[in-house]
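1. Sharing a sequence plus its predicted fold:
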Amino acid sequence: MSDAKGAQVPANGIEGENPQDLVAVADTGARNPGGFSAKLLFGVAIAWSLFQLWIASPLPFMVAPVIDPLLRGFFGIFGGESRASVVFNSTQARAIHLAFALFLAFTAFPGAIRRTASLPIFAAIYVIAALGFAYYAVVLAMGGNAQWMAFTAMTAIALLAAYSAWKPTPLDTVPRVDWVLAAAAAFCAAYLYIFYYDLARRPGAPTLFDLVVAGAGMVLLLEATRRALGPALLCIAAIFLFYTFAGPYMPDMISHRGASFQRAMSQQWLTAEGVFGIALGVSTSFVFLFVLFGALLDKAGAGNYFIKVAFALLGHLRGGPAKASVVASAMTGIISGSSIANVVTTGTFTIPLMKRVGFSSEKAGAIEVAGSTNGQITPPVMGAAAFLMVEYVGITYVEVIRHALLPALLAYAGLIYLVHLEALKQGLEGLPKRKITPWFWSLFSFGITLCSLIVLAAVVYYGVGWTRDVFGQTASLIILVAVFAAYLGLLWLSARAPVLELDDPNDPVLELPETGPTVRSGLHFLLPIIVLLWALIVERLSPGLSAFYAVAFMMFILVTQRPIIALMRRSGEIAAATRQGFSELVEGLAAGARNMVGIGVATASAGIIVGTVAQTGIGAVLVELVQFISGGNLLLMLMLTAFFCIVLGLGLPTTANYIIVATLMAPVIVELGTQQGLVVPLIAVHLFVFYFGLMADATPPVGLAAYAAAAVSRGDPIKTGLTSITYDIRTIILPFIFIFNTQLLLIGIDSWITLVSVVVSGFIGMLAFAAGTHSYFITRSKIYESAILLFVAFTMFRPDFWIDMIDPRYDERPVAELMEVVESKPDNAFLRLEVSGFTMMGDEITRIVMLNLGPQAPGADRLRNAGLEVMVTDDQAQIMNVAFGSEAERMGVDFGMNINRVLVPNQDRMADEIAYIPALILLGGVYYMQRRRRATEPKKMSATKA
């Protein structure tokens, strides 16, 4: 397989050794045609961005009373009823969103199989599928069934897809067959918009043409998935789709009655319960605008600014380039939802500098990969999966940010500390500074800057509130003027700072930029981020509307920043700067759309899996299967889930991985935790799945982020991926910790003292864990010292584990006092019971269940509210009835079971924080021993040399 220039493309998909090619292959499409094709793709991408801005803005509702009558009159000329409107409902918007994504997937991503060895296999799959469709078409046609036309259309498309996959084409052209497939796919997706009102009038009764479009659309979506995301998600979606029809022929455990072609297509394509479901809705409403926001920030120069600031602040420290790489990757995560693009954006500069100060090629690449993958967990702008949590968990995006904040900070603190320990082990230094500043002046300057930012934040927060109270409706105008004044002031600072130009990392002489001028040169890039946070957190606007205002402000900055700075510098290049600003705006709109193709296709394909689970009931079967395999052990269940995520991550992007695992496993983990007396918040489980989905881009042998880093470092990609996993151990352990200690997610924090305790203990635990796993603290650790450090880390993360052994969390009350306990509980409190007996299947079980008692009421009524009717005698309590569909039934409680114990919280239990005392003493002991040993090491080395 060769590119347009005739160069061979390696099996890993990286053309030549340019990491930018891998970003194109994975995120934006590897094709770069010329002439009319380039203009058309560019125009379609811009049109997609403008459409998303339109549906997110309040403008449609403002102009609809004027424009809608004109539109209806125009379309009414052609006869028939017209309901044309500039206001799009959610289903219509999703249809147009997917139409754009599919069109660009077929035109921007080449159809040929990337791996030459797989070419015959996947082309054969499409040929076999085509033959199968043709067979059923003939059978149905002979029987007079009109559905044969749908199978005929699916056969033709499968053959076209096989032809496209078999015949490699240069990347500088778009073949005719791909134009045909792109047009057909766009029409099938937009069908729900074009015939929206016709479909609404006949729900569940599709016409022949409906079925033809739905069947063709499913095949086209699967082919677009293969092109944009690779074969893994295609195979998984196809297996679930096959399972929909083959239910009667499956083994008894997973069999179901099956679905007809008409019923399956209605579920998957003609309603909002399959392909056009929640996942695609989130992609349409939220994700696109945040991706566009990042693309515009990058075009404005924020990416370069973040890198330079990180190096100015940290580059002079031990292993400084590596520390700066981690911080730059975290900040770049704001503008890039792709870990691969993050690696290329920051790694192109940071990896050579890490190698210069002494890091090996694999370690330099691994540090960049670890920092870039974690960029997706860094608030306020996280990956697409974070926006899906809003819908799946049923909480606001602000709450998602709040829960994800502390784990993200801990993960990055642990990575920076690991880099520091690595630098200590190898005796590495940092890069030279242009201007040597005494350490106390640097510390003083940092303190003044930090305090100024805190004071400014307080003034803005409380000042704006005061403005609203005094000026009422005009406060918005006053705030707008204040933001514009701040923008001009920050541009004035930027105009007096030198232009930020990215240095050549391969230059033999490289000095770090001065901190002050570097920071001042791009402070205006923080304003749109502040606007985004303000709209989300203070104004409590929806994520989509908040992102719209941030994008609108970012567009204003792109157009105005260069001419205003040129005016302030009196450079006389205002016209050229204005043209450059508009050019960057247009390029940013196109780049944002191209970055969204993979996400749009992934969320649509994952909708097939969600629709199958809803239609076949396979979710309940999986609950029983996983419970059987894990033996009801929550920790084992979590390990199975993590393994499932990592295996899927070998071929799936983070978003698709999250949707599949969260759909199948999250309810199971919550239920199993409840059975064991542990309240596992749903957001904790979803973050657990999200964290392990991040490993997709680093896990060998398919981790594309590792390949991108290796292409820059000239190291081995497999070793780079494996090394990055060792650096990511802290990210792997965190989800297990916050499942059992939800205070790390800032849940159950009832005072500032508790908050400080959780934050401080979390950071100490993370640093101790990093030192223990890296076998280095003050000096190289002995085995028992590493064990002590890991013990300290566990205690700082889970102090309740040891306290529970000494002072149980719950007291046991006699079952005769059940009603008294129930009546004493406050509103919506949980009742913990140990029940035992036989299930309907004849299995004897003993489990702890937690039931929400609802509002205050008599004891029998509160139990009935939870689904139980209980007969209580002097020494026992027996369950006489379990309401169908109740919480008690979901917990596995059956008629005839006995209540063995009633568990109530221990009011006199000692504080969990007491466990910190022995842990800190042990930590101090290790520090003292290593400090003494380190002091004697130079003497030993000198004696050895002598």
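-> Right, received. Where do you want to start?

2. all contacts plus neighbour counts: C-alpha atoms, from now on.
-> Noted.

3. what comes up buried for stretch 902-922?
-> For stretch 902-922, the neighbour count (16 or more other C-alpha atoms under 10 Å) marks Val902, Leu903, Val904, Met910, Asp912, Glu913, Ala915, Tyr916, Ala919, Leu920, Leu922 as buried.

4. May I have the distance across that stretch, first residue to last?
-> 38 Å (C-alpha to C-alpha, to the nearest Å).

5. Near Leu428, how many residues? Count them for me, please.
-> Residues contacting Leu428 under the criterion other C-alpha atoms under 10 Å number 17.

6. That one: helix or strand, and which one exactly?
-> Assessed by DSSP states H and E, Leu428 sits outside every helix and strand.

7. Report pLDDT for it.
-> Per-residue pLDDT puts Leu428 at 78.

8. Ile128 now?
-> At Ile128, the model reports a pLDDT of 66.

9. quick one, helices of the stretch 351-500 of the chain?
-> Residue ranges of the helices in the stretch 351-500 of the chain, as given by DSSP state H, counting those that start in this stretch, are 361-373, 384-389, 397-426, 439-471, 475-495.

10. Check the stretch 151-300 of the chain too.
-> If you assign secondary structure with DSSP H, counting those that start in this stretch, the helices in the stretch 151-300 of the chain sit at 176-194, 196-201, 208-229, 231-245, 261-268, 278-282, 288-300.

11. Could you export these as JSON lines, including distance to Val680 and mean neighbour count?
-> Shown next, in JSON lines, are those (distance: least, C-alpha to C-alpha, whole Å; neighbours: other C-alpha atoms under 10 Å):
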{"stretch": "helix 176-194", "distance to Val680": "39", "mean neighbour count": "21"}
{"stretch": "helix 196-201", "distance to Val680": "40", "mean neighbour count": "13"}
{"stretch": "helix 208-229", "distance to Val680": "33", "mean neighbour count": "24"}
{"stretch": "helix 231-245", "distance to Val680": "29", "mean neighbour count": "18"}
{"stretch": "helix 261-268", "distance to Val680": "32", "mean neighbour count": "20"}
{"stretch": "helix 278-282", "distance to Val680": "24", "mean neighbour count": "25"}
{"stretch": "helix 288-300", "distance to Val680": "30", "mean neighbour count": "27"}
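
12. nearest to Met637, of the buried residues of stretch 902-922?
-> Nearest to Met637 among the buried residues of stretch 902-922 is Leu903, at 24.6 Å by C-alpha to C-alpha.

13. and the closest one, that one's in a strand?
-> Yes. Leu903: assigned to a strand according to DSSP: H, G, I helix; E, B strand; the rest coil.

14. Pull the contacting residues for it.
-> Tyr810, Asp811, Glu812, Arg813, Leu831, Arg832, Leu833, Glu834 (C-alpha atoms under 8 Å, 6 or more residues apart in numbering).

15. quick revisit: of the buried residues of stretch 902-922, which is the nearest to Leu527?
-> The closest of the buried residues of stretch 902-922, once distances to Leu527 are taken by C-alpha to C-alpha, is Glu913, at 40.0 Å.

16. so that closest one makes contact with Pro799?
-> Yes. Between Glu913 and Pro799 there is a contact at 6.5 Å, judged by C-alpha atoms under 8 Å.

17. one step back: of the helices of the stretch 151-300 of the chain, which is nearest Ser546?
-> Among those, helix 288-300 comes nearest to Ser546, with 9.4 Å by C-alpha to C-alpha.

18. just to revisit the earlier point, quick one, which of the contacts of Leu903 are buried?
-> Looks like the contacts of Leu903 have Leu831, Arg832, Leu833, Glu834 buried, using 16+ other C-alpha under 10 Å.

19. quick one, the lengthiest helix in the chain and helix 261-268 angle?
-> Ranked by residue count under DSSP state H, the longest helix found in the chain is helix 574-616. Interaxial angle, helix 574-616 versus helix 261-268 (axes from the mean of the first three to the mean of the last three C-alpha atoms, to 10 degrees): 140 degrees.

20. model confidence over helix 574-616, on average?
-> 88.

21. Might you report the residue contacts of the nearest residue to Tyr707 once chain neighbours are set aside?
-> Closest residue to Tyr707 in three dimensions, ignoring its sequence neighbours and counting by C-alpha to C-alpha, 6 or more residues apart in numbering: Pro717, at 5.1 Å. Counting by C-alpha under 8 Å, 6+ apart, Pro717 makes contact with Glu362, Ala706, Tyr707, Ala709, Ala710, Ala711.

22. ok, so of those, who is nearest Val821?
-> Nearest to Val821 among these: Ala706, at 56.4 Å, using C-alpha to C-alpha.

23. Check what pLDDT the closest one gets.
-> You'll see Ala706 listed with a pLDDT of 78.

24. when you give positions from now on, start the count at 35
-> New numbering, starting at 35: the last item is Ala740.

25. Max pairwise distance over the buried ones among the contacts of Leu937: which two?
-> Leu865 and Glu868 (10.2 Å).

26. Spit out the residues that contact the two alike.
-> Residues touching both Leu865 and Glu868 (C-alpha under 8 Å, 6+ apart) are Val883, Leu937.

27. And the strands in this protein?
-> 844-847, 864-872, 878-886, 902-906, 911-916, 932-939 (DSSP state E).
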